[in-house]
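Student: task: produce atomic coordinates for the following.
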Amino acid sequence: MTWILFTLLAAFMQSWRNAFQSHLSDEVKTLGVTLSRFLWASPIAAIYLIILYAANAPVSLPHFTPRFFSFIVAASLMQILATALMVQLFKLNNYAIGAGLAKSEALAAAILGVLFFGTTLTILGWIGVFIGGIGIFMLSTTNGWKGLSIGTITLGLCCGSAFALTSLWVREASLSLDLPFPYNAGWVLLFVLSLQTLLLVGYIFIRDKPTLQALWQRPKLTFLTSATSCIGSIGWFSAMSLQAVPYVKTLGQVEIFFTMLISIFWLKQKVKIKDGLGLTLVAIAAVLVMWIE
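Tutor: Have a look, this model is predicted:
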């Protein structure tokens, strides 16, 4: 059950990455915060891949195909979009609720996986999906049920769907390589992060140089965001190369408990009972879907 350990690692590191991004979003524009996720991640991913090849028996280099690169490009662009949408969620609501809405990714991964990627879910699995939907609905209310924010729900669902498509394409890219685990996941990680970094740095350099300067003036927070993001991505990419995306993402919803603890004790934000209940329902959904596995 190696994929479970990688998923738990990913969930823990992602909760910290979200916290650092939330803090950075108070001082840096959305694109800059998005770039902070990738800026130092590529070198870390390269070091990880070098260690894999140095520490184990000789493994041949992969044969890259056009199909592989099509998945890499699609996943890279979609994750940039998803990260930007998540930063906007942080600006609309507090950190815990923003992260909770972004976790609609598990719902979207199940639905999109079934429709387009050949994934199957049992009745118990769909019950879990339904309960998770209720949890997200609760998290989208501002002043009780009558204060439902359609805009926040829409943004959250778009963010989750973008992350879900990213994950589904990442798995397809890993499976398309003629390499064993974890080398296939390592190569996908390096290509995705490198492409994302080049695209964002190039775009921001042309359109908004002060944003690059703003990140340069906050080296510690920028590096922490990149490092936790990369380690989390190692966990996600590895888990998704071993197991179907809906199962990985539903288990990954244990992140919400890390999120609540960070929100309360590090960011000093209050989490209302209603918000906690919504997050708990999403977690129950994860347990139900994992139960069938």
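Student: now stretch 194-205: average pLDDT?
Tutor: With pLDDT averaged residue by residue, stretch 194-205 scores 92.
Student: mind listing what's buried along that stretch?
Tutor: 194-197, 199-200, 204 (16 or more other C-beta atoms under 10 Å). Just so you know, the C-beta spots here come from the backbone N, C-alpha and C atoms, and that holds for glycine as well.
Student: I'd like those residues laid out as CSV, including secondary structure and distance to Gly133.
Tutor: Below are the buried residues of stretch 194-205 laid out as CSV (DSSP: H, G, I helix; E, B strand; the rest coil; distance: C-beta to C-beta, whole Å):
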residue, secondary structure, distance to Gly133
Ser194, helix, 36
Leu195, helix, 33
Gln196, helix, 30
Thr197, helix, 34
Leu199, helix, 33
Leu200, helix, 32
Ile204, helix, 36
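Student: how about the helices in the chain?
Tutor: With helices called from DSSP state H, the chain shows them at 2-24, 30-36, 41-55, 66-92, 95-102, 105-116, 123-139, 150-176, 183-207, 209-216, 219-242, 245-251, 255-265, 273-291.
Student: ranking these by mean pLDDT, which is last?
Tutor: Taking the mean pLDDT of the helices of the chain, helix 95-102 comes last: a mean of 63.
Student: picking that back up, can the buried residues of stretch 194-205 go into TSV with extra columns for distance to Leu49?
Tutor: TSV is the format used below for the buried residues of stretch 194-205 (distance: C-beta to C-beta, whole Å):
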residue	distance to Leu49
Ser194	11
Leu195	15
Gln196	16
Thr197	15
Leu199	21
Leu200	21
Ile204	26
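Student: out of the residues you listed, which comes closest to Ile111?
Tutor: Gln196 (25.1 Å; C-beta to C-beta).
Student: relative to Pro219, how far out is that closest one?
Tutor: With distances taken as C-beta to C-beta, to the nearest Å, Gln196 is found 20 Å from Pro219.
Student: what's around Ala55, how many residues?
Tutor: For Ala55, the count of nearby residues is 7 (other C-beta atoms under 10 Å).
Student: and what of Lys220?
Tutor: Lys220: 8 neighbours (other C-beta under 10 Å).
Student: kindly report the same for Phe69.
Tutor: Neighbours of Phe69 using other C-beta under 10 Å come to 14.
Student: what do you get for Ile231?
Tutor: 21.
Student: same check on Ser22?
Tutor: So Ser22, with other C-beta under 10 Å, has 25 neighbours.
Student: next one: Phe265
Tutor: 9.
Student: same thing with Ile134?
Tutor: As a burial measure, Ile134 scores 15 neighbours (other C-beta under 10 Å).
Student: how far away is it from Thr259?
Tutor: On the measure of C-beta to C-beta, Ile134 and Thr259 end up 18 Å apart.
Student: now swap in Lys249 and tell me
Tutor: Taking C-beta to C-beta, one finds Lys249 at 15 Å from Thr259.
Student: who's more crowded, the two?
Tutor: Lys249 (31 against 28).
Student: for the more buried one, give its distance to Ser238.
Tutor: 14 Å.
Student: for Phe6, same thing?
Tutor: Taken as C-beta to C-beta, the span from Phe6 to Ser238 is 4 Å.
Student: what's the answer for Ser70, then?
Tutor: 22 Å.
Student: between these two, point out the one with more neighbours.
Tutor: Legend: neighbour count by other C-beta under 10 Å for Ser70 and Ser238, higher for Ser238 (26 against 14).
Student: ok now do that one, which residues does it touch?
Tutor: 2-3, 6, 181-182, 185 (C-beta atoms under 8 Å, 6 or more residues apart in numbering).
Student: out of these, flag the one nearest to Leu77.
Tutor: Ala185 (19.6 Å).
Student: touching, that closest one and Ser174? I think so.
Tutor: Yes. The pair formed by Ala185 and Ser174 meets the contact definition of C-beta atoms under 8 Å, at 5.4 Å.
Student: who touches both of these two?
Tutor: Joint contacts of Ala185 and Ser174 (C-beta under 8 Å, 6+ apart) are 237, 240-241.
Student: I'd like those residues as a markdown table, with distance to Ala106 and neighbour count appended.
Tutor: Output for those, formatted as a markdown table (distance: C-beta to C-beta, whole Å; neighbours: other C-beta atoms under 10 Å):
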| residue | distance to Ala106 | neighbour count |
| --- | --- | --- |
| Phe237 | 17 | 28 |
| Met240 | 13 | 29 |
| Ser241 | 18 | 26 |
